[in-house]
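Colleague: model the following, please.
(one chain, ligands or ions: 1)
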Amino acid sequence: MKKYATVDPTSGIVVQEFDTMTDSEVAASLKRSYKAYQSWHAKDLAERCALLQRIADLHRQHSIDLAKLMALEMGKPISQARTEVELSAAIFEYYATSGEQLLADEELDIAGAGRALVRTAPIGPLLGVMPWNFPYYQAARFIAPNLLLGNTILLKHASNCPQQALRIEDIIRAAGAPDGVYQNIFATSGQVADLIASPELQGVSLTGSEKAGSAIGALAGQHLKKCVLELGGSDPFLVLPSADVDKAAAAAAAGRFGNAGQACTSSKRLIVDSANWDSFLDAFLAKAAEWQIGDPMSEDTRLGPMSSAQARAELAEQVDDAVAKGATVHLGGYIPEGRGSFYPATVLSGVTPDMRAYREELFGPVAVLHRVNSVDEAIALANDSPYGLGSAVFTNDDKQAAYVTDRLEVGMVGINTTIKSAPDLPFGGVKSSGIGRELGKYGLNEFANKKLVRTI
Ligand code: NAP
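Modeller: From the prediction side, this is the model:
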């Protein structure tokens, strides 16, 4: 099989394969990107905003086709796939409509004579390396702010979503992007390394695993390139004594089983105060049982297959390791018979530090419940993770919410909600969850030259 291929995860059948580019094709793409940058960044801001609005419109116009491709290539249930396409459209629209305000010069209040302002300027051609789990949304978070700024983009998408990668390129071209402003590249890891080493390339953004993040981060450091890394997570979900247990259980199930649990901000560790343990366990199991596996093309399906047979095998190994070492399985926990990389909604408790499931990211529909006896114990357990991406804190006690918020080692805290991405909310983490932020004005500033203009 070639490196870039559509493999239907409901059957394992290889649907279509694509050649990787040659080294000289990749080098030519970078040259085209560099050339396009010279004129793209000099265009009127209004022109760049108009392009983004047309890209948003085309996402909406082709929503059903785009969603079907997602269901085909990575197994997302069609209704969740449509929601993702709409979020991607909203991201392009946000930067289109807020561009002028976001890029306005910032006048500094200075001690010296004269004036000083900071202008937000582009830096040049960028490389995006993107994952398959939210194929349009992850790409939109990188593409939209950078096209607005005037940067140009080469995008290497995950090797299991090549048709979606090409559709993104088609849409941006159809919206009227000048030649070279946005290019999809079917590149190898070696070619990615060559691009990062090239003097024309000014930055790289990777969303993916820690392994890929440390490889890309090392290359960026070696070649002094700006980088943003959006990596894994094992988000804690705290159910504190005053929580509304039913509300928490519904949010935890949606937060854990949506996208078949394959989200960086899935609610992977449910940390429940003993005062609520029994009631939460009952309510959560009832909600989890609603997530039945089915055909991702069907409107009623909530839990599709995992993205690949390999991803499922890895998850099953993590669960089996926990069970062999004494964890309790309340629901699921087995590989179902039949074709496709399906894995059922699974609920575990009694997971201890000697088990892989305690510290590793479980990138599939497996919830781990931990019982604690105090708020401080909940915080300590939440922070006992190499990751620090999102979190959720369910409590009706405002003081407790503030106390916990200040102590969680994460990039995002949801109070009585899980983290739901929106175009104007910054997204990102600390610790091994990465470096930098996407979305909102924060995302726009990552690959910007904050140029000081001093006038006396
Ligand atoms: P992955 O294996 O790291 O792949 C992500 C992308 O990186 C793919 O395009 C992949 O290409 C590429 N890649 C991997 N190693 C590379 C290397 N050495 N050089 C150049 N490119 C390389 O991750 P994944 O399994 O697809 O995605 C799941 C991970 O992403 C999870 O850990 C999840 O939590 C994380 N994630 C984080 C966020 C966030 O915002 N923090 C959002 C979504 C997902 P190939 O496909 O060709 O191998």
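
Colleague: and the residue of the stretch 101-250 of the chain found nearest the ligand, how far from E230?
Modeller: Distances from the stretch 101-250 of the chain to the ligand, computed as C-beta to the nearest ligand atom, single out G208 as the nearest residue at 2.7 Å. All C-beta spots, glycine's among them, are computed from the backbone N, C-alpha and C. G208 is 8 Å from E230, where distance means C-beta to C-beta, to the nearest Å.

Colleague: who's more crowded, the two?
Modeller: When G208 is set against E230 and neighbours are counted by other C-beta atoms under 10 Å, the residue ahead is E230, at 27 against 22.

Colleague: I'd guessed that one sits against S432; true?
Modeller: No - under the criterion of C-beta atoms under 8 Å, E230 lies out of contact with S432, with a separation of 11.6 Å.

Colleague: shared neighbours, these two?
Modeller: Contact criterion C-beta atoms under 8 Å, 6 or more residues apart in numbering; no residue bridges E230 and S432 by contacting each.

Colleague: which intervals of this structure have sub-threshold pLDDT?
Modeller: Filtered on pLDDT under 70, the chain yields the residue ranges 1.

Colleague: which bits of it sit near the ligand?
Modeller: Within the chain, the residues that sit near the ligand (C-beta under 6 Å from any ligand atom) are 129-133, 138, 156-159, 189, 192, 206-209, 212, 215-216, 230-233, 264, 361, 363, 389, 429, 433-434.

Colleague: please pick the buried ones from these.
Modeller: Under a neighbour-count criterion of 16 or more other C-beta atoms under 10 Å, the subset of those counted as buried comprises 129-133, 138, 156-159, 192, 206-208, 212, 215-216, 230-233, 264, 361, 363, 389, 429, 433-434.

Colleague: select from the residues you listed every entry located in helices.
Modeller: Using DSSP state H, the members of these that fall within helices are 138, 192, 212, 215-216.

Colleague: what about T22, neighbour count?
Modeller: 10.

Colleague: list the contacts of it.
Modeller: When contacts are counted by C-beta under 8 Å, 6+ apart, T22 touches no other residue.

Colleague: quick one: which helix or strand includes N146?
Modeller: Secondary structure here is read from DSSP states H and E; on that basis N146 sits in helix 135-149.

Colleague: also G326?
Modeller: Using DSSP H and E, no helix or strand contains G326.

Colleague: next: F284.
Modeller: Under the assignment here (DSSP H and E), F284 is part of helix 277-288.

Colleague: what comes into contact with that helix?
Modeller: Residues external to helix 277-288 that are found in contact with it (C-beta under 8 Å, 6+ apart): 239, 245-246, 248-250, 252-253, 256-257, 270, 272, 330-331, 345, 347, 349, 367, 369, 371.

Colleague: tell me which of those fall in helices.
Modeller: By the criterion of DSSP H, membership of the contacts of helix 277-288 in helices covers 245-246, 248-250, 252-253, 256-257.

Colleague: buried ones among the residues you listed?
Modeller: Neighbour counting by 16+ other C-beta under 10 Å classes 245, 248-250, 252-253, 256-257 among the ones in helices among the contacts of helix 277-288 as buried.

Colleague: which of those lies closest to Q318?
Modeller: Taking C-beta to C-beta as the measure, R256 is the one of those closest to Q318, at 14.8 Å.

Colleague: which residues of the stretch 251-400 of the chain fall in strands?
Modeller: Under the criterion DSSP state E, counting those that start in this stretch, the stretch 251-400 of the chain contains strands at 269-273, 328-331, 346-349, 366-372, 387-388, 392-394.

Colleague: partners of the second one in the sheet?
Modeller: Which is strand 328-331. Partner strands and pairing direction for strand 328-331 (DSSP bridges) are strand 346-349 (antiparallel).

Colleague: name the residues that touch the partner strand?
Modeller: Counting contacts by C-beta under 8 Å, 6+ apart, the residues outside strand 346-349 that touch it are 281, 284-285, 288, 319, 322-323, 327-333, 357, 365-371.

Colleague: now list the buried members of those residues.
Modeller: Among those, the ones that count as buried by 16+ other C-beta under 10 Å are 281, 284-285, 288, 319, 322-323, 327, 329-333, 357, 365-371.

Colleague: other SSEs contacting the helix or strand L126 falls within?
Modeller: Assessed by DSSP H and E, L126 sits inside strand 125-129. Here strand 125-129 is seen to pack against helix 23-40, helix 135-149, strand 152-156, helix 189-197, strand 203-207 when contacts are counted using 3 or more C-beta pairs under 8 Å, 6 or more residues apart in numbering; DSSP states H and E.

Colleague: and this structure, what are its domains?
Modeller: Using automatic domain parsing, the domain parsing of the chain gives 4-231+433-455, 235-422.

Colleague: chain center to the first one: distance?
Modeller: By that I understand domain 4-231+433-455. Distance of domain 4-231+433-455 from the chain centroid (C-alpha atoms, centre = their mean, to the nearest Å) equals 13 Å.

Colleague: okay, how far is it across that domain, tip to tip?
Modeller: This stretch, domain 4-231+433-455, spans 52 Å end to end (C-alpha to C-alpha, to the nearest Å).

Colleague: surely F92 meets L52?
Modeller: Yes - at 4.8 Å, F92 and L52 qualify as touching, with contact defined as C-beta under 8 Å.

Colleague: and these two? which has more neighbours close in?
Modeller: Applying other C-beta under 10 Å to F92 and L52 shows that F92 carries more neighbours, namely 29 against 26.

Colleague: where's that one, which helix or strand?
Modeller: Secondary structure (DSSP H and E) places F92 in helix 78-102.

Colleague: what about stretch 343-355, start to end distance?
Modeller: Distance between the boundary residues of stretch 343-355 (C-alpha to C-alpha) amounts to 20 Å.

Colleague: fine, thanks again, bye for now.
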